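>>> Got a sequence here, can you build the structure:
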Amino acid sequence: MNSAYSLFARLSSRSKYSNAIRTTGLLFGGVAIIASVLLAACKPEGEPLQILWTNDTHGFFMPVYHAEFTEVDSYAQTAATEGKVGGYAQIAGLVKKLKEGIWERRTLFVDGGDTFDGSPVAQLTRGDAVIPVLNAMGYDAMVPGNRDFAWSKDDFLRVTGNISFPVVCANLQDSGTGAYVFPRYIVKNVGGLKVAIIGITSPLAGNTAGFQVLGGSLPAAFAIEDDISALAADIRAQEDPDLVVVLSHMGFFQDQKFASRSTGIDVIVGAHTHHNVYESPVVPNADGSRQVIVVQAGSHGKFLGKLELWIKDKKVVDYDNEIVRVSTKYLKENHVKPDKKVQDLADEAYAPFKAMLDEVIGKTSTVIERRGDTQSTMSNFMTDALSEVFNTDTSTFFGIRYGSSMIPGEITVGDVWNMVSPNIGNNGVYVFTQTGTQIKSTINSGLNTEYGPDPYNWGGGDVTRYSNHVKYTFNVTAPNNQHLVDLSITTATAEVVPLVQGGVDVPANLARTFTFVATRGTAAQQVPNTTSVDELVAYIKSKGTISPKIDDRAVQLDNGPSNIADWPI
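As a prediction, this is how the structure comes out:
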């Protein structure tokens, strides 16, 4: 909004400013009343609608610490100031607060997926423990995310079958019958407005046995704009909605491309890439008939997304978006109380695992976080530790983006479950060999999908991690498969082996074989009678205190943009 209304709407909708207006009214004889009059006078045309949403909570139904890569050096102070973030009871209390006033019957509350897999309790129960808590939240709809397919087809159908509100997905089919697994869309009456909600899940969901997504593999699985445009046209013809919303788990930049190549859509509420979208981009659609608002609200419940819309003649005529920090500090300052029913259910879900997960096994003197394009303190610790324990040339770990953070202080068994993410790799330890060519190819593939020119080729994760025995430098602005400048591996016997020098391959060394340890692999590679969690717990106990840091194992040389979480940068 760029009007006087924008100022007063923002002032009236945020408690700290509402208090200021009330105080000003008391001190200066009715200024608050004048503000209220101006607020009413400047109100945009059209009917108001508020969309609240969560995305990528990853089963963290209790509050957690969560640091972005860019704040690894400052997050300990941030955490000391604001406390933990997220938690379903806290989110539910904030939703209740934001539904007050004109939004009481004009609010749509949705979830963008990656909801059942991530937290230790979610992993240990294959998502089941999350469902009673989720059902108490008051959601109107959700779309499944790629990590919601972490287990078998039967597990997925059991968990989603126990959800008490609609699951929508327009691009997920049963691979045996071709039938759509969920309704492709629903229509909700929200305060007299008809709102159509279309769900689109991540193409990565198609990797799950028993399911397939429209388009098949990347990038075709994203390129279903014509199909969804036709669906939106049918909905408009048959349902005559005031607004068409896509609830997407495709990714922030993928959503923007999709918006530009589709028609009939007004808003995309996004997920998957964990972007903190402070100012939503507005994308002209394929025929120029609509300006598509694209939003996302981070991950792990640290933000609640809020989009206020004004709708006239079946088009959005004005809007305002915000991601609201779900922190202990913010809720206290704004007099928001956690929802007791949701809190009781969350406590009940956590109780069976509390004694095991809360066992203290050591300490960290640094912030341990997951996110980062090419490295993070969490993955640096894990790969270095496992390589040391198994005396291999190096160790590898996949570039996932979910997992809560640890601040300086105690480390628990639950923290290790959170690091390992045992649903990928079955909590095993795997020892195997790879050639230098395979190492180079894996890094190149990650850099291509992280920095390549077409977001439809991006899977949504970060570059595969390695222990500090693998070191490389790279340029993000280089063409695909030409990002690497230097790449070397230091073997377990301390021999430094260059694989790429000055952008030129060293063929003899690329043909060499190196030993690896990892948290996933083939059955033949699995070390018997051991688990990743047990090995890391024992390692932390033996060290007492760990201090993982960002180092020179992966160094960006140019000034090209990193795919960091904040938008705009």
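>>> Quickly note the distance from the nearest residue to residue 320 once chain neighbours are set aside to residue 551.
Counting by Cβ to Cβ, 6 or more residues apart in numbering, residue 320 lies nearest to residue 308, which is 4.6 Å off, once chain neighbours are set aside. In this view, the C-beta of every residue, glycine as well, is placed from N, C-alpha and C. According to Cβ to Cβ, to the nearest Å, residue 308 and residue 551 sit 44 Å apart.
>>> Surely the residue nearest to residue 320 is in a strand?
Yes: Residue 308 sits within a strand when classified using DSSP: H, G, I helix; E, B strand; the rest coil.
>>> where's it relative to residue 104, distance?
If you go by Cβ to Cβ, the gap between residue 308 and residue 104 works out to 14 Å.
>>> Same check on residue 512?
67 Å.
>>> what ranges do the helices span in the stretch 201-350 of the chain?
Along the stretch 201-350 of the chain, counting by DSSP state H, counting those that start in this stretch, helices occupy 225-239, 252-260, 328-333, 340-350.
>>> who's residue 307 bridged to?
Applying DSSP bridges to residue 307 yields these beta-bridge partners: residue 51, residue 321.
>>> That one contacts residue 293, correct?
Yes: counting by Cβ atoms under 8 Å, residue 307 touches residue 293, with 7.0 Å between them.
>>> tell me, what's touching those two both at once?
The contact sets of residue 307 and residue 293 overlap at 267, 280, 319, 321 (Cβ atoms under 8 Å, 6 or more residues apart in numbering).
>>> Name the member of these with the most neighbours.
The residue in the shared contacts of residue 307 and residue 293 with the most neighbours, by other Cβ atoms under 10 Å, is residue 267 (27 neighbours).
>>> roughly how far apart are that one and residue 297?
Shown here: residue 267 relative to residue 297, a distance of 13 Å by Cβ to Cβ.
>>> anything in contact with each of the two?
Joint contacts of residue 267 and residue 297 (Cβ under 8 Å, 6+ apart) do not exist.
>>> Tell me where the protein is predicted with low confidence.
1-43, 207 (pLDDT under 70).
>>> can you rerun that using 50?
By pLDDT under 50, the low-scoring segments of the chain are 1-39, 41.
>>> any idea how far residue 183 is from the most centrally placed residue in it?
For the chain, the residue nearest the mean C-alpha position is residue 274 (3.3 Å; Cα atoms, centre = their mean). As judged by Cβ to Cβ, residue 274 and residue 183 stand 27 Å apart.
>>> can you check residue 384 too?
For residue 384, the distance to residue 183 - Cβ to Cβ - is 47 Å.
>>> Comparing the two, which residue is more hemmed in?
Between residue 384 and residue 183, counted using other Cβ under 10 Å, the more crowded position is residue 384 (21 against 15).
>>> how near is the more buried one to residue 551?
From residue 384 to residue 551 the distance is 10 Å (Cβ to Cβ).
>>> Find residues that contact each of the two.
residue 468.
>>> Can you report how many residues lie near the nearest residue to the residue nearest to the centre of the chain once chain neighbours are set aside?
Once flanking residues are discounted, residue 274 sits nearest to residue 299: 3.9 Å by Cβ to Cβ, 6+ apart. Other residues within reach of residue 299, judged by other Cβ under 10 Å, total 32.
>>> got it, and residue 296?
Neighbours around residue 296, by other Cβ under 10 Å: 29.
>>> who touches it in this structure?
By Cβ under 8 Å, 6+ apart, the neighbours of residue 296 are 55, 112, 252, 255, 269-271, 273-277, 305, 567.
>>> Most neighbours among the residues you listed, which one?
residue 271 (37 neighbours).
>>> so who does the spatially closest residue to that one that is not a sequence neighbour touch?
Spatial nearest neighbour of residue 271, excluding adjacent residues (Cβ to Cβ, 6+ apart): residue 112 at 3.1 Å. Residues in contact with residue 112 (Cβ under 8 Å, 6+ apart) are 53-56, 142-143, 145, 247-249, 269-272, 296.
>>> Which two of these have the greatest separation?
142 and 296 (14.9 Å; Cβ to Cβ).
>>> so how far is residue 404 from the residue nearest to residue 274?
10 Å.
>>> which residues do those two both contact?
Joint contacts of residue 299 and residue 404 (Cβ under 8 Å, 6+ apart) are residue 66.
>>> For stretch 481-497, list every residue counted as buried.
Going by neighbour count (16 or more other Cβ atoms under 10 Å), the buried part of stretch 481-497 is 483-490, 497.
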